[in-house]
Each structure stands twice: as structure tokens, then as C-alpha cells.
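Visitor: How does the following fold in three dimensions:
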Amino acid sequence: MNKDILICGVGGQGTVLASKILAGAALEEGNIVHSAETIGMAQRGGSVTSHVRIGDKARSPLIPFGKAELMLAFEPSEAVRNLNYLKPDSLAVVNTAPVKPVTESLAQTGYDGKEMTAYLKKKFRCIFIDSDAVCAPFGSTKFFNIIILGVAAGAGETGMSKETLLAQIDRRVPEKYREINRQAFLAGYEIGEKEKNLNENK
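Guide: Numbers count the residues shown, from 1 in each chain. The predicted structure is shown next:
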């Protein structure tokens, strides 16, 4: 399998763990994997981008512009910021709930992410998810990184099996949080399956 996956968001959203789960699952299934993160001021809510390159065609850990087949975007403005990495026919799984920077709080610009999602819808195939809504049953938006992995897997876009991804979650999440993370992944997987079925029936 050859696949380039870009994960983008802001510090504290769990993007790095999501990339490690994907990379670990790809390795477990016998693939060559390169991965890298560009973190910046992540602890202060700055941009975080993770590159996961699967297969023997990759010659470096960073995805070239226009080559990513899948984007997992944890924040709508970060999705737009990283659009130049995507192939024209690729899929973007995007959180519609914005993470407002400090500058927005001070300037009151009215940023709510809606303009970003409308723009994305015109440019690419997208699955939009509201992290506040999908995470409500789990009591925290901190589970969104696992849910979005489930969405992409359920939509058939990761190229990895549900079982292998669940095994990586078990391996990388502390024992007392494993079951709730498994449930979060399966909830996302169900969303992804529904989206896939809708597209196939169009």
C-alpha cells in the first residue's frame, strides 16, 4: 500500500497520538512507514501538522505539496491552511468546531469556522464532523482524535483494518482509558461507514 496522510490541528488536540496510531498500524500490517511532525508553539495552541507516509514510494518523511490522499483536520482554519498538500481527488475529514486563537478573543473578529467549511466543501470531498456533538457521549472533546481516526477508517480511507487500529489504540492508550477510547473509535467508525454508504448510493 502507498498512501500519504496529513493530520493537522492545534496544540492539545491529540494530533501526534493520532499519527502514531496510524503509523503503528501501518507498520503492523507490513508496510514501510515514514512520519514527521511540524509542531511550532503547540503548547500555546499553535499549529501542529503530522505527516504519515506509507509505502515504498516515499523518499522522505514530509509529504510534498499536492500528494496527500487523506487529510484529518482537527480545526477548520488549519484544514484551509494545509490545503496545498492535498491531491484534487483526496478526502478531507474536518472538524467544524473552531478553536479560537487568543487574537480572536481580543479582536472579536467573529471567527466561527463556517466560512472555512463552506470553502472546503467547494474544493474537495469532505466529511464534516462537529467535535462537540460527537464527543458529548464521552464527556470530553479530548476523544476527538480517536473518533476522527474511526471516521476515516470506517469510510475506507486509511487502508488499514479496524482490528489493527484498535490494537494500536490498546497499545498506546493507558489501560484505564482503553475501553472508552475503543468506544470512541467505534462511534467514529460507524459515522465513516454511513458516509461511505451514502456516497456509494449516490
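
Visitor: Of all the helices and strands in the chain, which has the lowest average confidence?
Guide: Least confident element among the helices and strands of the chain, by mean pLDDT, DSSP states H and E: helix 102-107 (a mean of 51).

Visitor: The chain: helices as residue ranges?
Guide: For the chain, helices defined by DSSP state H occupy the ranges 15-28, 76-81, 102-107, 114-123, 131-135, 144-154, 162-172, 175-200.

Visitor: Sort out which residues of stretch 187-202 are buried, please.
Guide: 187-189, 191-193, 195-196 (16 or more other Cβ atoms under 10 Å). All C-beta atoms are positioned from the backbone trio N, CA, C, and that covers glycine.

Visitor: Return the member of those nearest to R53.
Guide: Ranked by distance to R53 (Cβ to Cβ), the buried residues of stretch 187-202 are led by G192 at 21.8 Å.

Visitor: Show the contacting residues for the closest one.
Guide: Contact analysis of G192 by Cβ atoms under 8 Å, 6 or more residues apart in numbering lists 127, 150-157.

Visitor: ok, so of the buried residues of stretch 187-202, who is nearest K162?
Guide: Distances from K162 to the buried residues of stretch 187-202, taken by Cβ to Cβ, are shortest for Y189, at 6.1 Å.

Visitor: measure that closest one to I148 for me?
Guide: The spacing between Y189 and I148, counted by Cβ to Cβ, to the nearest Å, is 11 Å.

Visitor: One more: R59?
Guide: From R59 to I148 the distance is 28 Å (Cβ to Cβ).

Visitor: Same question for C126.
Guide: 13 Å.

Visitor: Can you pull the residues that touch both of these two?
Guide: With Cβ under 8 Å, 6+ apart as the test, C126 and I148 both reach V93.

Visitor: Name the spans of this protein whose pLDDT lies under the cut-off.
Guide: 39-45, 100-110, 202 (pLDDT under 70).

Visitor: One more pass at 50, please.
Guide: 42, 102-104 (pLDDT under 50).

Visitor: Skip the chain neighbours and tell me the closest residue to the residue sitting nearest the centre point of the chain.
Guide: In the chain, the centroid-proximal residue (Cα atoms, centre = their mean) is L72; its distance is 2.5 Å. Leaving aside its sequence neighbours, L72 sits nearest to I7 (Cβ to Cβ, 6 or more residues apart in numbering; 4.6 Å).

Visitor: Tell me the buried residues in the longest strand belonging to the chain?
Guide: The residue-count maximum for a strand in the chain (DSSP state E) belongs to strand 86-95. In terms of neighbour count (16+ other Cβ under 10 Å), strand 86-95 has its buried residues at 86, 90-95.

Visitor: how about these in a markdown table, adding distance to A18?
Guide: Below are the buried residues of strand 86-95 laid out as a markdown table (distance: Cβ to Cβ, whole Å):
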| residue | distance to A18 |
| --- | --- |
| L86 | 17 |
| S90 | 17 |
| L91 | 16 |
| A92 | 15 |
| V93 | 11 |
| V94 | 14 |
| N95 | 12 |
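
Visitor: Before I go, just wanted to say thanks for your time.
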